[in-house]
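> Would you be able to build a 3D model of this:
(one chain, ligands or ions: 1)
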Amino acid sequence: MEKQKVIDEKYIPDVGSQVETIDGNDCLITNDAMYTFYRRTKGEFSAFFLGLRDEKRLLGCRCTRCGIVRVPPFLTHCPDCNFVPTEPIEVEQVGIMNTTPPITYFATSLFQHMAPYGRGRVIFNGADTAMSVNLYTTTGILVPGIIKKGTQVKLVFRDKRIGEMTDVFCVPSAELTREQIKKKGLQESEIDWEAPKEPSLPVASEEDMARYRRAMDEMRGLIEDMNRNESARKAIAGWKRDILVKTRGGQCAILIDDGDINVEERELSSPDFIMVCDDITTLLDGLAYRGAITDSVINKKIWISKNMEFNTIFKLDRMARFLVRSRKTKDPSSESS
Ligand SMILES: [Zn+2]
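I've put the predicted structure just below:
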């Protein structure tokens, strides 16, 4: 298995120096380092985290006097009962959302690989307090309305666990089979993430097809420009995705391949993900920087079949932004036009 470092390689700067002019004086700046690695104990909470990591159990603590069950077990003594000790207790892995969770689409670099994710508080059956967990959906992109206050959710364990809160997350029970809901220690790999609920499109009229044709002509031009633009190309360096785009007036394939981007009018038998966009103009406007594609996804005007592909959408927005920006710097007169 590949070993992961505490500090990602990309955050470690190269040995080197540069000159920066500060208040008219040249200053030499060199890269240096100060190490402060440390080990941290989970102390009396070790049993809770070991329960998640090794036994796929969800533990809480019960007050030996009043009987309140707290999950996670953050108190070893009950403050309501003159600090009598609590005892460990296992609770069920199904619970109810205590609040409607906010969704994070743009996370810091530490969490961006997990976005979009919901973050909300769940009261698991058998518990009296709510636990904070990350939330996902199996139906495609996570958008507001899928998980709300009162939604029943199921705890899911990551396949790779190290004894952290991120070892677990929740999905709506309604998206799982009865057996999966019942199963203790359900793992992410046991869930079908490849069967999202694709929105259906109405039958196209002549007008829809004409609109598709016009949009495709503009999109081809835009994508050619992106291909010729160095900074736009950088936004998709090292990235490879075949995207099937379905719109009311017709389909197309957007192909991203390490700096190259192309659009073709054809079907894809095994795309990396599917984008459904009733009106193709919504996508075209995003690529032309007349509104962000990410916003259209959040506002449910564009649906994508895989939650984690929000990253790809983010890259398409960056390409659009870079293209417009570099046109402005090359031709200042175009700004007024
Ligand atoms: Zn108590």
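
> so what pLDDT did S334 get?
pLDDT, S334: 48.

> from the middle of its chain, how far away would stretch 196-214 be?
28 Å (C-alpha atoms, centre = their mean, to the nearest Å).

> Please point out which parts of it sit buried.
P196, D208, R211, Y212 (16 or more other C-beta atoms under 10 Å). Backbone N, C-alpha and C define where each C-beta goes, glycine included.

> Need the residues that contact the helix or strand hosting the third one.
Of the helices and strands defined by DSSP states H and E, R211 is found in helix 206-228. With contacts defined as C-beta atoms under 8 Å, 6 or more residues apart in numbering, helix 206-228 is touched by 204, 232-233, 247-250, 252, 254, 260-263, 265, 279-281, 283-284, 287-288, 319-320, 323.

> and these, which of them are in helices?
A232, R233, I280, T281, L283, L284, L287, M319, A320, L323 (DSSP state H).

> Excluding chain neighbours, what is closest to the fifth one?
Among residues not flanking L283 along the chain, C277 sits closest, at 4.9 Å (C-beta to C-beta, 6 or more residues apart in numbering).

> which residues does that neighbour form a beta bridge with?
On the basis of DSSP bridges, C277 is bridged to T247, I302.

> Does it touch T247 like I think?
Yes. If you go by C-beta atoms under 8 Å, C277 and T247 touch, sitting 5.1 Å apart.

> Can you pull the residues of this structure lying near the ion?
C63, R65, C66, C78, D80, C81 (C-beta under 5 Å from the ion).

> Quick check: the farthest pair among the residues you listed?
R65 and D80 (8.5 Å; C-beta to C-beta).

> Could you find the closest non-adjacent residue to D278?
R248 (5.3 Å).

> Surely the one you found and P202 touch.
Yes. Between R248 and P202 there is a contact under C-beta under 8 Å: 6.1 Å.

> residues shared between the contacts of those two?
D278.

> Could you name every residue contacting both of C277 and T247?
In contact with both C277 and T247: L283, using C-beta under 8 Å, 6+ apart.

> Next, the residue nearest to D278: phi, psi?
Here is the backbone geometry of R248 (degrees, to the nearest 10): phi -60, psi -40.

> Point out where this structure drops to low pLDDT.
1, 330-337 (pLDDT under 70).

> domains of it?
43-190, 206-326 (automatic domain parsing).

> Contact partners for N31?
P13, D14, V15, G16, S17.

> Within the helices and strands, which one has the first one?
It stands for P13. Counting by DSSP H and E, P13 is part of no helix or strand.

> That one: what's its closest spatial neighbour, skipping adjacent residues?
Nearest residue to P13, sequence neighbours excluded (C-beta to C-beta, 6+ apart): N31, at 4.5 Å.

> how far away is the one you found from the ion?
Separation of N31 from the ion (C-beta to the ion, to the nearest Å): 54 Å.

> now that residue: how far from K3?
To K3, N31 is 25 Å away according to C-beta to C-beta, to the nearest Å.

> What of T108?
On the measure of C-beta to C-beta, T108 and K3 end up 23 Å apart.

> more crowded one of these two?
Legend: neighbour count by other C-beta atoms under 10 Å for T108 and K3, higher for T108 (8 against 4).

> Taking the stretch 201-337 of the chain, what residue is nearest to the ion?
The stretch 201-337 of the chain approaches the ion most closely through N307 (40.2 Å), counting by C-beta to the ion.

> count of residues packed around that residue?
Neighbours of N307 using other C-beta under 10 Å come to 22.

> Next: L58.
For L58, using other C-beta under 10 Å, the count is 24.

> Enumerate every residue touching it.
G51, L52, V71, E90, V91, E92, Q93, F124, L155, V168.

> Just the buried ones among those, please.
Counted by 16+ other C-beta under 10 Å, the contacts of L58 give G51, L52, V71, V91, Q93, F124, L155, V168 as buried.

> Quick check, central residue of this protein?
A115 (1.8 Å; C-alpha atoms, centre = their mean).

> Chain neighbours aside, what residue packs nearest to that one?
In space, A115 is closest to A107, 4.4 Å off (C-beta to C-beta, 6+ apart).
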